[in-house]
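Chemist: based on what follows, work out the 3D shape:
(2 chains)
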Amino acid sequence: MSGKPRLTYFNGRGRMEPVRWLLAVADVEFEEVFLETKEQYEKLIKDGVLMFQQVPLVEIDGMKMVQTRAILSYIAGKYNLYGKDLKERALIDMYVEGITDLMQMILMFPFSPPEAKEKNLDSIKDRATNRYFPVFEKVLKQHGQDFLVGNKFSWADVQLIEAILAVEEKVPAVLSGFPQLQAFKKRISNMPTVKKFLQPGSARKPPPDERYTENVLKVLMT
Amino acid sequence: MAGRPKLYYFDGRGKMESIRWLLAAAGIEFEEEFLETREQYEKLLQGGSLLFQQVPMVEIDGMKMVQTRAILSYIAAKYNLYGKDLKERALIDMYVGGTDDLMGFILMFPFLSAEDKEKQHAVIVQKATSRYFPVYEKVLKDHGQDFLVGNNFSWADVHLLEAILMVEEKKSDVLSGFPQLQAFKARISSIPTIKKFLEPGSQRKPVPDDKYVETVRRVLRMYYNIKAD
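Modeler: Numbers count the residues shown, from 1 in each chain, chains lettered A, B, ... in the order given. Predicted coordinates for the structure are as follows:
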């Protein structure tokens, strides 16, 4: 065994992408197994490897971890990206959960029927600009620090940069009213491990396309 | 200030119920403010109390916390219900993730149409008995201990008991194939703080009814129909 974490998921972003981000940014190399067929998935279930019969699955430190939040919390805790005390952790958790709600809309978008896509895109734009981005713009403005929590790089910063880039793919000018977030995006993108992850050839996955959605449906549908 | 946590939510279970359970299990007294009108909600919004314009909101230790999972994690850690190290926390997080997904099916139930309710009832029972309960049954059987993680009472135990009782409200004999869970239920229910929470007069909320649904819709102006997944 290599000792490296091993990720099992579809060959695409989905629920695994935040995990790839966090490991990459923490400078932790990892391996990936891509689910391409229903048989692969059924074998994983039969082997008892998926606690609730679901992916993401991350094999790490002798554990077969499932449940995205549990996985991310573990990685953040292990690599000192979770604040210095309970109150900082609370802030990080609040910020991450809010961003996750926004990312959930983007996650589901490729699977929505064609007639609902325009409405869903409008919702993403509305939530990003009226509910979520203003919060982080204000946080950064008020403390004037480089990072969201405790003047130190944390999981919350990683989650926010991922969300900013994902929304920008759908709404290119979305940061136009948010100067703090523009500066934040530039600052975080220039951190060495983040910069490396954003370069071609990294484990970062492209935006989901039809081939990805078809693959997911084929593997999961009974 | 009282020093007690204060919960802002509707007068009903919803996303706040797990928080009531955890505080009660930890023996922590708390206050509640119930949202009954749109005006109350707008006042909270305008006052800047709701970070993402949503409830649940819990005032605790000088913070106005939102996001159910963040609130629960904070309470669990503060009151030593989150395991002794990172690996136990990972297990607790995994188990809670599962019971959270299960309870999620029940959470949306009151907002479904009559036809969808019937379908969802079957889904809840099927998921409980074939995906979730077997996992916890096996965990308890394999280690033979009283609690799910680390031989110590934790958030995972509270959350599982809450989930069991909620599913039993939908199908009273749902634990019939799960002897470990039956014993677990009896054991955890008799822990003094839990026992107290299960008695009439506690802050535990009843099964959501039409009045609850109307209140939520009215306060949030959520008049669209929810579709089951």
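Chemist: roughly how far does the residue with the largest distance to the centre of chain B sit from chain A?
Modeler: The centre of chain B is farthest from one residue, B:Gln46, which by C-alpha atoms, centre = their mean lies 27.8 Å away. According to C-beta to the nearest C-beta, to the nearest Å, B:Gln46 stands 14 Å off from chain A. (Glycine included, C-beta is placed from N, CA and C.)
Chemist: one more: B:Glu162?
Modeler: Taking C-beta to the nearest C-beta as the measure, B:Glu162 and chain A are separated by 17 Å.
Chemist: now that residue, what's its secondary structure?
Modeler: For B:Glu162, the assignment made with DSSP: H, G, I helix; E, B strand; the rest coil gives helix.
Chemist: can you pull the pLDDT of it?
Modeler: Looking at B:Glu162, its pLDDT is 98.
Chemist: show me where the chain has helices.
Modeler: Looking at chain A here, since you left the chain open. Here chain A has its helices, by DSSP state H, at A:17-25, A:38-46, A:68-78, A:86-108, A:114-127, A:133-143, A:155-170, A:179-189, A:192-197, A:210-220.
Chemist: to clarify, I was referring to chain B.
Modeler: Going by DSSP H, chain B shows helices at B:17-25, B:38-46, B:68-78, B:86-107, B:114-127, B:133-143, B:155-170, B:179-189, B:192-198, B:210-220.
Chemist: reformat those as a markdown table; add distance to A:Met103.
Modeler: Putting the helices of chain B into a markdown table (distance: least, C-beta to C-beta, whole Å) gives the following:
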| stretch | distance to A:Met103 |
| --- | --- |
| helix B:17-25 | 22 |
| helix B:38-46 | 23 |
| helix B:68-78 | 14 |
| helix B:86-107 | 17 |
| helix B:114-127 | 24 |
| helix B:133-143 | 26 |
| helix B:155-170 | 24 |
| helix B:179-189 | 34 |
| helix B:192-198 | 34 |
| helix B:210-220 | 22 |
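Chemist: and A:Met65, which of these is closest to it?
Modeler: In terms of C-beta to C-beta, the element of these nearest to A:Met65 is helix B:86-107, at 6.4 Å.
Chemist: give me the buried positions along that closest one.
Modeler: B:87-103, B:105-107 (16 or more other C-beta atoms under 10 Å in any protein chain shown).
Chemist: shouldn't A:Leu91 be in contact with A:Val149?
Modeler: Yes: with contacts counted by C-beta atoms under 8 Å, A:Leu91 reaches A:Val149, the gap being 4.9 Å.
Chemist: the two: which is more packed in?
Modeler: Remark: of A:Leu91 and A:Val149, A:Val149 carries more neighbours, 24 against 20, as counted by other C-beta atoms under 10 Å in any protein chain shown.
Chemist: give the bridge partners for the more buried one, please.
Modeler: A:Lys152 (DSSP bridges).
Chemist: mind checking how far it is from A:Asp93?
Modeler: 10 Å (C-beta to C-beta, to the nearest Å).
Chemist: same question for A:Lys186.
Modeler: A:Lys186 is 26 Å from A:Asp93, by C-beta to C-beta.
Chemist: returning to that earlier point: tabulate the helices of chain A (a markdown table), appending distance to chain B.
Modeler: Conversion of these to a markdown table gives the following (distance: least, C-beta to the nearest C-beta, whole Å):
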| stretch | distance to chain B |
| --- | --- |
| helix A:17-25 | 13 |
| helix A:38-46 | 10 |
| helix A:68-78 | 3 |
| helix A:86-108 | 4 |
| helix A:114-127 | 9 |
| helix A:133-143 | 6 |
| helix A:155-170 | 11 |
| helix A:179-189 | 16 |
| helix A:192-197 | 21 |
| helix A:210-220 | 13 |
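Chemist: what about B:Glu29, neighbour count?
Modeler: For B:Glu29, using other C-beta under 10 Å, the count is 11.
Chemist: not counting its neighbours along the chain, what's nearest A:Val135?
Modeler: B:Leu51 (6.1 Å; C-beta to C-beta, 6 or more residues apart in numbering or on different chains).
Chemist: so what's the one you found up against?
Modeler: A:Met94, A:Gly98, A:Val135, B:Lys64, B:Val66, B:Gln67 (C-beta atoms under 8 Å, 6 or more residues apart in numbering or on different chains).
Chemist: so what's the nearest residue to the second one once chain neighbours are set aside scoring on pLDDT?
Modeler: Going back to what we said before, that points to A:Gly98. Distances taken as C-beta to C-beta, 6+ apart put B:Phe52 closest to A:Gly98, at 4.8 Å, once the chain neighbours are dropped. With respect to pLDDT, B:Phe52 scores 98.
Chemist: distance of B:Phe52 relative to A:Asn80?
Modeler: Counting by C-beta to C-beta, the gap from B:Phe52 to A:Asn80 is 26 Å.
Chemist: more neighbours: those two, which one.
Modeler: A count of neighbours by other C-beta under 10 Å puts B:Phe52 above the other of B:Phe52 and A:Asn80, at 19 against 13.
Chemist: now do the contacts for the residue lying closest to A:Gln40 once chain neighbours are set aside.
Modeler: The shortest distance from A:Gln40 to any non-neighbouring residue, by C-beta to C-beta, 6+ apart, is to A:Val219 (7.5 Å). A:Val219 makes contact with A:Phe10, A:Leu35, A:Glu36, A:Thr37, A:Lys38, A:Gln40, A:Tyr41 under the criterion C-beta under 8 Å, 6+ apart.
Chemist: please redo it, this time with the cut-off set to 6 Å
Modeler: If you count contacts by C-beta atoms under 6 Å, 6 or more residues apart in numbering or on different chains, A:Val219 has them with A:Leu35, A:Lys38, A:Tyr41.
Chemist: out of these, which are buried?
Modeler: A:Leu35, A:Tyr41.
Chemist: could you find the closest non-adjacent residue to A:Asp61?
Modeler: Among residues not flanking A:Asp61 along the chain, B:Lys87 sits closest, at 7.4 Å (C-beta to C-beta, 6+ apart).
Chemist: correction: B:Ile92
Modeler: Leaving aside its sequence neighbours, B:Ile92 is closest to B:Ala156 (4.5 Å, by C-beta to C-beta, 6+ apart).
Chemist: okay, domains of chain B per the record?
Modeler: B:6-79+B:199-220, B:86-191 (the TED database).
Chemist: what is the burial count for the residue nearest to B:Ile92?
Modeler: Counted with other C-beta under 10 Å, the neighbours of B:Ala156 add up to 28.
Chemist: now it: how far from A:Met16?
Modeler: Applying C-beta to C-beta to B:Ala156 and A:Met16 gives a distance of 24 Å.
Chemist: I appreciate the help and will end here.
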